[in-house]
Every structure is written in structure tokens, then in C-alpha cells.
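> Just the structure for this:
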Amino acid sequence: MLNTALLCQHIPLGIALSGGSDSSALLTLAVDALGAENLRAVTVNHGLRDEAALEALAAKQLCAQLGVAHDTLDLHVAAGSGLQARARGARYDALCAWARESGVSALALGHTQNDVAETFMMRLARGSGVDGLAQMPARFEREGTLFLRPLLDATRSDLQSMLRGRGILWSTDPSNADPRFARVLARNAGPELAALGLTQERLSQSAKWMRAACEVLEHAADAWIARHAQGAHGDAVFDLAELRRCPEETAGRVLTRALCAISGKPYRPRYNALAEMMETYAGRTLHGCLIYRHKATLRITRELNAMTPGDTKRWVISGPLTANHTIAPLTEAGLSQVTDWRATALLPRRSLLASPAIWQGRSLVAAPLAAPDGTWSAAAPNPLHLAK
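Reported below is the predicted structural model:
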């Protein structure tokens with residue numbers, strides 16, 4: 001049931017333990033395969049339900065029973081629209097921070113074949129393409145933390161049978177039976193779908209084929225980028241004529257890769273908005289980025305008005321920084337303080353406005369990309385190599 005080969009090279013290993021059957025089974029099987037001394041579990045308590053604290057305590061007790069070190073992370077997620085999505089984002093942020101502080105090599109998640117089939121149906125209902133229908137990856141990175149899914153071929157019923165056989169109890173989240181949620185509707189439709197031949201196993205197999213197709217399409221995108229695109233001081237730059245000629249799927253894939261990397265957003269832009277932009281490739285903002293034509297190219301850079309303090313994290317600034325300096329976008333105010341920037345700038349004007357600058361109060365100290373002087377430099381990863 002457990003993909004041990006996926007885990008064995010990641011010691012010490014973190015286990016995301018909600019206390020439900022899937023994660024409890026993951027912990028139990030991981031102890032069998034790797035030994036309790038090589039594991040560390042973490043439970044995130046969002047505080048959204050009265051039972052959450054008791055469930056976190058039960059998870060801690062299971063870890064004590066199995067001899068696994070355990071931490072509980074208490075979060076507060078404000079009520080309001082998009083609660084589930086915001087809670088999920090906060091949970092991943094907390095897990096990444098915990099992984100860095102705990103020194104684990106990777107974090108294992110308890111997603112199962114059931115999750116694969118349910119996600120496939122939910123995304124099929126939304127009209128998703130190949131990427132959306134693909135099986136969730138067995139490994140992925142977020143904020144520098146490696147996440148693993150070693151139970152994608154295991155069924156929830158088999159895992160629960162294993163737990164019962166060992167006398168291990170698990171918690172049940174009542175929201176997993178709430179028909180207001182799309183995943184619950186997909187789960188409840190399982191028996192009717194199975195009667196049509198759309199069994200969980202077949203849906204999961206289709207998702208695997210979609211994952212294989214994604215890998216082929218990603219290789220095609222890599223090959224196209226190598227010939228017709230480049231990273232330039234944090235921007236993504238595309239040969240516009242070649243972009244117009246290439247297959248729509250490839251164009252959308254390479255543009256999406258750049259948009260996600262430059263904006264720092266882990267999710268993809270809405271398909272309709274991306275398709276509308278690709279009809280004309282006219283200048284516009286999308287997904288927190290500015291897209292514009294420059295000579296024979298299409299450039300993607302960060303949208304100045306969408307920037308947050310965290311945007312400077314993708315830049316490595318070198319120079320005589322002091323406690324009195326701050327790093328912030330150049331903006332029009334900064335560019336006006338650069339003498340004859342057109343003769344020295346490494347980027348077009350629209351990209352320069354969002355580029356990093358060093359400030360002391362309202363006075364510009366340095367603008368490494370507008371006026372490079374050998375004292376200060378600013379470097380960013382090639383966005384076309386990120387967010388794959």
C-alpha cells in the first residue's frame with residue numbers, strides 16, 4: 001500500500017497527521033517501513049471546529065503509542081468567503097515553516113486513490129484540461145519544502161481495514177460528509193458512477209494517463225523555451241512571432257509557467273483570461289504580472305501594483321547594505337532620481353518600475369537594474385525554469 005521507495009531516501013521524514021484514517025494509516029505504515037526514530041509528525045489545528053483540539057490531542061496520543069515525535073501547530077483562519085482555500089494555504093505555509101525549523105528532509109501527505117478519483121471528477125465537471133485531470137504528483141515542492149504522496153495507489157477502505165486490524169482508531173471530520181462541498185458530492189456519486197463502469201480504479205487510471213501526458217507536454221514546453229525564450233533579469237522574454245506559431249497548448253503552458261514563477265502564485269491563471277490574452281498578445285495585466293510587447297518580443301514582468309513585501313525574496317541583492325536601507329520597488333519616484341537611465345538600464349522602462357531598488361527613507365541609494373555601477377547587484381532565478 002505504501003510507496004516505500006518514494007520515502008526511503010528522505011530521512012528524517014515528516015508526516016502530516018490530521019488524525020483521519022488516511023494520515024493515521026500513513027504514519028503507521030511509515031513506522032513499519034522506516035522506524036519511529038526516523039519520523040516526526042505534525043498536526044495543524046485550524047481551530048475551525050470545536051472538535052479540532054480533541055482530534056489534535058488524539059493524533060498526539062497515536063504518535064506517543066507508536067514512539068514518534070509530534071508537534072501541534074495552532075492556526076487562526078478568519079471566517080469569510082473562500083474559507084477552505086484560505087485554510088489550505090495557511091496549512092501549507094505552516095507545514096513549510098515547520099519543516100524548515102524541524103530539519104526534516106521531506107513531508108509525507110496521506111492522499112489516496114480515493115482523492116485522485118474524486119479530484120478527477122471535480123475537475124472534469126469544471127471542464128479542466130490535461131493538467132487539471134492529471135493525477136496529483138507523487139512529489140512536489142512548495143516554498144522550498146519537498147512534499148511526498150506515497151499512498152496514491154492505496155484505497156481508503158484498505159487503509160481503514162489495516163487500522164482496524166491493529167486496533168487503531170481515527171478521527172472523522174464531519175465536513176467530509178457535508179454535501180455543500182464539491183468533493184463530498186463527487187464522493188457520494190461514486191456508486192452511481194461505478195454502475196456506469198466509472199469505478200474509482202478506472203478514474204484513477206485515467207488520471208495516471210493524464211499525468212503521463214503532462215510529462216510529454218512539459219518536455220515539449222522545455223524544448224520550445226530552449227529555442228525561443230529566455231529569462232532576463234527576472235523577466236520572461238518570448239519570441240513573439242514563434243509564440244504565435246506554436247501550438248496553443250504549448251503557448252499556454254510556457255506563459256503559465258512564467259506567470260506563476262514571477263507572481264509567486266502556486267495556482268495557475270484562469271484559463272479564460274489566459275486564452276483571451278493569447279488571442280491578441282496585447283499588453284495587459286494578468287495573474288499579478290504585466291504582459292507587454294517590446295520590439296519583437298513578448299515580455300512578462302511583475303505588476304507593480306500587485307507587489308507585496310514578499311516579492312523581494314526572489315531577488316538576491318549584493319552590496320553594502322546597512323540597517324538604514326530598505327529594499328523596495330524602484331517605481332516612478334525612484335526612476336526619476338536615476339540620471340540618464342536609458343543609457344544604462346538592463347530592462348525596459350515598464351519592467352524597471354517593479355525592479356528592486358535600495359532606499360534610505362525616500363532617497364534612492366541604488367537601482368542595480370536601472371543604473372548598474374559594480375557596487376550593487378540584483379539577481380533573480382530564470383522564471384522559465386520555475387513553476388514546472
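> Please spell out the segments of the stretch 101-250 of the chain that come in under the pLDDT threshold.
Within the stretch 101-250 of the chain, the stretches with pLDDT under 70 are 174-178, 180.
> how about the helices in it?
Using DSSP state H, counting those that start in this stretch, the helices found in the stretch 101-250 of the chain span residues 113-125, 130-133, 156-166, 182-188, 190-195, 200-228, 240-245, 248-263.
> Just want the angle from the first one to helix 156-166.
What that stands for is helix 113-125. Using axes from the mean of the first three to the mean of the last three C-alpha atoms, to 10 degrees, the inter-axis angle of helix 113-125 relative to helix 156-166 is 160 degrees.
> any residues touching helix 113-125, and which ones?
22, 132-133, 135-136, 151-156, 182-183, 186-187, 189-190, 193, 200-201, 203-204, 206-207 (C-beta atoms under 8 Å, 6 or more residues apart in numbering). C-beta here means a position set from N, CA and C on the backbone, and glycine is covered the same way.
> can I get the CA coordinates of stretch 295-312 in CSV?
The C-alpha trace of stretch 295-312 is given here as CSV (Å, rounded to 0.1, in the frame of the first residue of the first chain):
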residue,chain,number,x,y,z
LYS,A,295,10.3,45.1,-30.1
ALA,A,296,9.9,41.6,-31.5
THR,A,297,9.3,40.0,-28.1
LEU,A,298,6.5,39.5,-25.5
ARG,A,299,7.7,40.2,-22.0
ILE,A,300,6.3,39.2,-18.7
THR,A,301,7.3,41.1,-15.6
ARG,A,302,5.9,41.7,-12.1
GLU,A,303,2.9,44.0,-11.9
LEU,A,304,4.0,47.0,-9.7
ASN,A,305,0.5,47.5,-8.2
ALA,A,306,0.2,43.8,-7.2
MET,A,307,3.6,43.6,-5.4
THR,A,308,3.8,42.6,-1.8
PRO,A,309,6.8,42.9,0.7
GLY,A,310,7.5,39.2,-0.1
ASP,A,311,8.4,39.9,-3.7
THR,A,312,11.9,40.9,-2.8
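> Same question for it: list its buried residues.
297-304, 307, 311-312 (16 or more other C-beta atoms under 10 Å).
> Check which helices and strands the helix or strand harbouring residue 54 sits against.
Using DSSP states H and E, residue 54 falls within helix 52-66. Judged by 3 or more C-beta pairs under 8 Å, 6 or more residues apart in numbering; DSSP states H and E, helix 52-66 is in contact with helix 21-34, strand 39-45, strand 69-74.
> Next, format these as a markdown table and append mean pLDDT.
Shown next, in a markdown table, are the helices and strands packed on helix 52-66 (pLDDT from 0 to 100):
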| stretch | mean pLDDT |
| --- | --- |
| helix 21-34 | 98 |
| strand 39-45 | 96 |
| strand 69-74 | 96 |
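> out of those, which comes closest to residue 243?
For residue 243, the closest of those is strand 39-45, at 41.6 Å, according to C-beta to C-beta.
> for the closest one, the distance to its chain's centre please.
A distance of 20 Å separates the C-alpha centroid of strand 39-45 from that of its chain, computed with C-alpha atoms, centre = their mean, to the nearest Å.
> which residue packs closest to the residue nearest to the spatial centre of the chain, ignoring adjacent ones?
Centroid-nearest residue in the chain: residue 266, 3.7 Å away (criterion: C-alpha atoms, centre = their mean). Of all residues beyond its chain neighbours, the one nearest residue 266 is residue 142 (6.4 Å), with distances taken as C-beta to C-beta, 6 or more residues apart in numbering.
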